[in-house]
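1. Take this sequence and fold it.
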Amino acid sequence: MIIRSTLQQIALAVAITCAPPLSHAQSASPASAPGNIVISGAVPDEATKAALLGKLQDLYGRARVVDQISVGGVTAPPNWAVHVPGLMTPNLKSVSKGQLVVEGTNVALRGEVASEAVRQSVARDIAAALSPDYSVKNALRVSVATQDVLDRALGNHVIEFEPGSALLTDSGKAILDEMADALKKVHPQKVEIIGHTDDVGTASRNLALSRARSESVKAFLVSRGIFPASIGTSGMGADQPVAPNTTEDGRRRNRRIEFRISQ
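-> Here you go, the predicted structure:
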């Protein structure tokens, strides 16, 4: 991870970012070496600098922290030197490809975390470290790698239902048994089950059918031990086809269920 910022005339800035991998043609300077923590920006005095560096060194190890902080030329808000080091909790190490920026009393955090539970835990840490005078923008997102767990489990399978109904076929139930195992791996993140239909029939009927099918899938997964509150449902009717509805194969592919990590 890297800590970067741009010097502000009337604000302080500290940011944390994940270092990109180096190509073979690049040299590994301390600021760009993967895994290093580079802290930069301006602080009002040496004591504040020492507090920030100390927290990062305790968190990541002294050898990984690269100091690019300047001292002087800025004025800190009241108790800034207390609040900002308090943001650097062990949960911060769970954020990758991200950035923590503190400019005066404005805090912004973005990046990737492994689960919704981690995202909420990091948010709680930030809230606990700051006074009500601070404004916080939490733009953390769940890693796409977590979505990949569900995508790989579903693969190219189509969860099938009895014609014109929300009753699962035996083959559909077999696929959902595998999806239940995948969902247990990403627990306790929330997952949205999205139903889709082909374009046969009226739009209102297809919308209702897609919703009923997503609810049917949820009920089956709950029967396999998935916590009900971790599953949301919705239906899109025939509005988002993945294949032309002009052939039976295309219509079959459009009658599908999707699983999406909610954020």
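
2. Describe which strands the least confident helix or strand in the chain by mean pLDDT pairs with in its sheet and in which direction.
-> Every helix and strand of the chain was ranked by mean pLDDT, DSSP states H and E. The lowest is strand 96-103, at a mean of 76. Strand 96-103 has the following strand partners under DSSP bridges: strand 106-113 (antiparallel).

3. Can you list the neighbours in contact with the helix of greatest length in the chain?
-> With DSSP state H setting the assignment, residue counts place helix 203-223 as the longest helix in the chain. Applying C-beta atoms under 8 Å, 6 or more residues apart in numbering, the set of residues contacting helix 203-223 from outside is 159, 161, 164-168, 173, 176, 179-180, 183, 193-201, 228, 231, 233-238, 257. Using the backbone N, CA and C atoms, a C-beta is placed for each residue, glycine as well.

4. Give me the subset of the residues you listed lying in helices.
-> With helices taken from DSSP H, the overlap with the contacts of helix 203-223 comprises 173, 176, 179, 180, 183.

5. residues touching the closest residue to residue 76 other than its chain neighbours, list them.
-> Residue nearest to residue 76 in three dimensions, not counting chain neighbours: residue 44, with 4.9 Å by C-beta to C-beta, 6 or more residues apart in numbering. By C-beta under 8 Å, 6+ apart, the contact set of residue 44 is 12, 71, 72, 74, 75, 76.

6. Farthest-apart pair in these, please.
-> The most widely separated members of these, counting by C-beta to C-beta, are 71 and 75 (12.7 Å).

7. In terms of neighbours, single out the busier of these two.
-> residue 71 (13 against 10; other C-beta atoms under 10 Å).

8. looking at it, the more buried one is touching residue 43, isn't it?
-> Yes. Here residue 71 lies in contact with residue 43, judged by C-beta atoms under 8 Å, at a distance of 6.0 Å.
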